[in-house]
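Asks: sequence first, predicted coordinates after that:
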Amino acid sequence: MVTMTQSETQSGVQLVPINSVRYGKKGDVVLMMHGWGVNLDSMRILGELLGKWNQVIIVDMPGFGKSPKPDADWDTIQYAERMAKYIDEENISPAHIVGHSFGGRVAIRLASRFPEKVKSVVLINGAGLQRKMTGKRKFKSLRTKFLSKSCKALDSMFGTKTYQNWYTPRFASADYLNAGPMRNIMVKSVTEDVTPDALKVTAPTFLLWGEKDDETPVEFGERFHSLIKNSQLIVMPGKDHFPFMDEGAHVCASYILKFFRSLDPTASNAGAGEGVK
Amino acid sequence: MQNGDRTRKTIAVMFGGRSVEHEISIITGLQLIKAMDVVKYNPMPVYIAPSGKWYAGNALLNRDFYKRMPASLTEVDEVTLLPQPDVGGLTVLRPGQGSDFSLETGTDRRILPVDVFFVSFHGTFGEDGCIQGVLEMAEVPYTGCGVLSAAVGMSKYHCKKLLESHGIPVLPGVVVNRESIEVNLGNNLTQVREEIMSSPGLEKFPLFVKPVNLGSSIGISKAKDKAGLDAALMQVFKYDYSAIVEPCLDNKMEINVSVLDDTEPIASVLEIPVSSTGDELTYEDKYMRGGGSKKGAPQSQGMAGLTRVIDPQDMNQEMKDAAQDYARRAFKALGCAGVARIDFMVDLNDNQLYFNEINTLPGSLAFYLWMNSHPPIFYTDMLTHIIERAELRSHRRSSLSREIGFKALFK
Ligand SMILES: Nc1ncnc2c1ncn2[C@@H]1O[C@H](COP(=O)(O)OP(=O)(O)OP(=O)(O)O)[C@@H](O)[C@H]1O
């Protein structure tokens, strides 16, 4: 058993230091969490725009950018626990949570387990569901699983490295290959299914989806929409897994602000995204 | 929420064009397509190549397409807009590889439906009333200025004269045409020079020479003496057939303001563009110093990449108000629509503000000013507004009666 150090909470989650950038000085707090394999830089343009009406904090998730990797191999529940602590440390509860892809998984965990800290949830091409298997996909998946098991068995019997040298480069995803020391966390995260948590989310939820996405397809957005009671879905034709890249950030910011405004029409961001009327 | 394609309006975003600012227009066009509200609108890229041919197709969305020209041009449909009403969109002249059309389909049925044309050219043929004339003939909704305001806005000289009559301060200036020095070079140049220097306000060097119709600081120069003026004129006539000569402000500051079309036009915050050399802004200053992209290779961001001070806090309020007021008045006096950027110069010796020029289709549509205005307006919402204004104008135009029947002919 690990002894509890000062940097651990009661639930045991390590208080990994969180690097962040901030935009804006007035309005509601918006906490933004990026996707796998990138860092807070990926959300800067969107953060700057949302910061015109809100106080925006974009964090480097532990293990990415300038936030160190946790000692243990966290699952997304532990990520959510760390972010819940962060919300307390910064005294920003309740906050709007914006999560992209992997950050979306954490957002769902956070919103279902710490509802009092979450004012609303915005998922941009959020991850966290398992794909529905088509016949072809099922066969492919069974075949890769079989190969993976065979390689591992071979390696343990003969001390070879076929799994590492033959299987991995052929069948592993780019994210997996690039994950380095984060690989175990990645494997944990992609095999998770946040469906039970999504069913428990009560905060108003806005699902914003780039349509040309194979990683977290529109079908995920539709499923989240049916799982989360108080949710709405907007699909953006022509946009991909990173719909907020470059000037695309203006499209996302415009819709997200309209959503915030719909929650609280009297707030300081009233009129945002309204154009010039 | 549903957003099937049948409910989205198709916006033909037109860029490129036969202009020295061709490349900058591509950047402006691709940027605005990325910022467009794709839930409401279906942006269709329409590219006018340097040859003057028109192309449409989604392959035009990748910057790489332009590197692979001319070979890549066969991948997209060659199109045109017929100058007659009720066609309903662009006519496909030659289908590209993998096109929805084929050569067998009769031309009359090879139509790409378009709801609104979004004009995003800079400079000749696109910002000067030419394309606007074609769009008028076709009787389609299009964004931005009409023929007259685009044409007047493009001529630095006519623009100055018109605005002067509306009480907006401008520097004195004369126009010189290329013909006046073409006949017999040596003699006439002296004569032209003398004429220039006898005009009120232009008696002293240094003088400033610039093309009447071009932008992007191409062909401009400063003349310190007679030989310098001759050289400046020779230089400017490489690019334009008429030039404007003004007194040169040696100790000056530039101020730009954007104005957005509305029932009562609104002005953005100010910007002070900053030159890398502490001198006049060069083409490189304006377009080549774009920030690096996230994907590694640096991408030029067009006007949005220029080093500048936006919404300068230390400038006195009177000056800011004056610039915004003159900018709005200039926009109205010229009958502009869409979004414009009005450039002023301040003579720092006496703090006098002068209108310098208007860009009726500014680089990056000056969105970087609007997102920093009070209140901020995101590019997406600004584009929606410009499109809606275009539809409104088109609606008003189509309600005008053009026909009174045949009467005079058969008397
Ligand atoms: N009379 C003048 N005295 C000093 N500098 C001048 C004068 N007129 C123009 N300039 C400078 O020359 C540069 C280009 O001039 P101007 O903006 O008129 O031309 P442009 O090429 O059309 O630019 P744009 O790309 O903005 O359309 C500017 O930096 C401006 O400050």
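Replies: Received it, and whenever you're ready, just let me know what you need.
Asks: just for chain A, where's the confidence low?
Replies: Flagging of chain A using pLDDT under 70 yields the residue ranges A:1-11, A:133-139, A:141-142, A:169-171, A:266-277.
Asks: one more time with 90
Replies: By pLDDT under 90, the weakly predicted segments of chain A are A:1-12, A:131-184, A:186-191, A:264-277.
Asks: tally up the residues packed near the closest residue to residue A:179 other than its chain neighbours, please.
Replies: Distances taken as Cβ to Cβ, 6 or more residues apart in numbering or on different chains place residue A:186 nearest to residue A:179, at 4.5 Å, with adjacent residues excluded. (Each C-beta comes from the backbone N, C-alpha and C, glycine too.) Burial of residue A:186, expressed as a neighbour count using other Cβ atoms under 10 Å in any protein chain shown, amounts to 20.
Asks: how close does residue A:186 sit to the ligand?
Replies: Applying Cβ to the nearest ligand atom, to the nearest Å, one obtains 49 Å for the distance of residue A:186 from the ligand.
Asks: before we move on, what about residue A:129?
Replies: 50 Å.
Asks: doesn't residue A:192 make contact with that residue?
Replies: No - at 9.5 Å, residue A:129 and residue A:192 do not qualify as touching, with contact defined as Cβ atoms under 8 Å.
Asks: tell me if residue B:31 really is in a helix.
Replies: Yes - Residue B:31: assigned to a helix according to DSSP: H, G, I helix; E, B strand; the rest coil.
Asks: and for it, the neighbour number?
Replies: Neighbour count for residue B:31, taken as other Cβ under 10 Å: 24.
Asks: ok, back up a step: show me what the helix or strand where the residue nearest to residue A:179 lies is packed against.
Replies: With secondary structure defined by DSSP states H and E, residue A:186 is part of helix A:183-191. Helices and strands in packing contact with helix A:183-191 are listed as helix A:174-178; criterion 3 or more Cβ pairs under 8 Å, 6 or more residues apart in numbering or on different chains; DSSP states H and E.
Asks: rerun that using 10 Å as the cut-off
Replies: Packed against helix A:183-191, as judged by 3 or more Cβ pairs under 10 Å, 6 or more residues apart in numbering or on different chains; DSSP states H and E, are the following elements: helix A:76-90, helix A:102-113, helix A:174-178.
Asks: pick the most buried one from these.
Replies: Of all these, helix A:102-113 carries the top mean neighbour count, a mean of 27, counting by mean count of other Cβ atoms under 10 Å in any protein chain shown.
Asks: so is that helix next to chain B?
Replies: No - counting by Cβ under 10 Å from any Cβ of the partner chain, no contacts exist between helix A:102-113 and chain B, the nearest distance being 16.6 Å.
Asks: who has more neighbours out of residue A:129 and residue A:192?
Replies: The neighbour count for residue A:129 versus residue A:192, taken as other Cβ under 10 Å, is higher for residue A:129 (22 against 18).
Asks: grab the nearest non-local neighbour of the more buried one.
Replies: With Cβ to Cβ, 6+ apart, the residue lying closest to residue A:129 is residue A:220, at 5.0 Å.
Asks: and the nearest residue to residue B:150 once chain neighbours are set aside, how many neighbours?
Replies: Nearest non-adjacent residue to residue B:150, counting by Cβ to Cβ, 6+ apart: residue B:129, 4.1 Å away. With neighbours defined by other Cβ under 10 Å, the count for residue B:129 comes to 21.
Asks: ok, back up a step: roughly how far apart are the residue nearest to residue A:179 and residue A:92?
Replies: Residue A:186 sits 28 Å away from residue A:92 when distances are taken as Cβ to Cβ, to the nearest Å.
Asks: how about the residues of the stretch 101-250 of chain A near chain B?
Replies: Taking Cβ under 10 Å from any Cβ as the criterion, the neighbours of chain B within the stretch 101-250 of chain A are A:207-208, A:210-211, A:225, A:232-239, A:242-243, A:245-250.
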